[in-house]
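>>> mind folding the following:
(one chain, ligands or ions: 1)
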Amino acid sequence: MKFIIHGSAGRMGAQLIAAVENSKGNHTVAACVDIMYREHPVVGGAYPCYASLSEFGGEADCIIDFSNHITTIPLLEYAVERKIPVMLATTGQTEEEKAAITDAAAKIPLFRAANMSLGIATLCSLVKTAVCMFPDADIEIVEKHHNQKLDVPSGTALALADAVKAVREEADFVVGRHENGKRRKEEVGIHSLRLGGVVGEHEVIITTGNETLTLKHEAHSRAVFADGAVLAAVYTADQKVPGLYTMEDLVAACK
Ligand code: NAD
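From the prediction side, this is the model:
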């Protein structure tokens, strides 16, 4: 398969190119797209590079996107127009951009995940089980990332919040608690730390008062996201019908 790497000059770009080259199967990079590709020519130097998707009219089986949420709408317009499936890993989308994702998924196969690691997919499933087991427990979500990360809280922390909400409907999320006062029963805190080069850490802490269960995932290298993204891109390109596909679908397909 041939993939367009969108955001190829970023932190994830080089990892993605390596993941495509090292993946099982006859996969290659069709094009590297990044507004900064001239400033960072080394990454993707072996492949045709463009500043914008609209400059590329060649064949591709899927667009792998790790860029910036402001590109989500134009990227989806291009993909729908050209009927190219999309593997969207960029986080931090606005409500308008999320609506565009839903619309596009009615027309093309579209995979979206805030975290491409299979470990995080497992964590989400464990969180649902634990929250069911301890219906009265206090729950807090803590995430740590490098000091260049733009979105707060991380998309993965929000995905973990969704996992909590799936089994505890009354959960009321408080981002970065800062007001005086006791913790409300239904409150679930989400806390974001930004430190040096931390690749990504997520913790869900569940406390009954008598015991504490901490579910934690640490990404040691960005390669984990790149490998998951290539796996997901192959899965997305293989889909015969439009739809919004997630890590749950990918994990189910791997079983
Ligand atoms: P980065 O800032 O290092 O790279 C982003 C790249 O996108 C930059 O090179 C930038 O020039 C490019 N870009 C920005 N606007 C563009 C445009 N209009 N057209 C073309 N290129 C454009 O960021 P990063 O650390 O590589 O992360 C990128 C995104 O992926 C972020 O949203 C991040 O949160 C997300 N991410 C997701 C996962 C996951 O598993 N889902 C993992 C890591 C990062």
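
>>> any idea where the helices of the stretch 51-200 of the chain begin and end?
Counting by DSSP state H, counting those that start in this stretch, the stretch 51-200 of the chain forms helices over residues 72-82, 95-105, 118-133, 155-167, given from the N-terminal end onward.

>>> how about these, which one is nearest the ligand?
The ligand lies closest to helix 155-167 among the helices of the stretch 51-200 of the chain, at 6.2 Å (C-beta to the nearest ligand atom). All C-beta spots, glycine's among them, are computed from the backbone N, C-alpha and C.

>>> ok, back up a step: same list (the helices of the stretch 51-200 of the chain) but as a markdown table, adding mean neighbour count.
Putting the helices of the stretch 51-200 of the chain into a markdown table (neighbours: other C-beta atoms under 10 Å) gives the following:
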| stretch | mean neighbour count |
| --- | --- |
| helix 72-82 | 19 |
| helix 95-105 | 15 |
| helix 118-133 | 17 |
| helix 155-167 | 20 |
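
>>> to Ile206, which of the ones you listed lies closest?
helix 118-133 (5.5 Å; C-beta to C-beta).

>>> give me the contact list for the closest one.
113, 115, 137, 139, 156, 159-160, 163-164, 166-168, 202, 204, 206, 213, 215, 217, 219, 224, 228, 247-248, 250-251, 254 (C-beta atoms under 8 Å, 6 or more residues apart in numbering).

>>> related to what we said a few turns ago, need the helices of the stretch 51-200 of the chain in CSV (columns: distance to the ligand and mean pLDDT).
Listed next are these as CSV, based on distance: least, C-beta to the nearest ligand atom, whole Å; pLDDT from 0 to 100:
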stretch, distance to the ligand, mean pLDDT
helix 72-82, 7, 98
helix 95-105, 12, 98
helix 118-133, 8, 93
helix 155-167, 6, 96
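
>>> sounds good, over and out.
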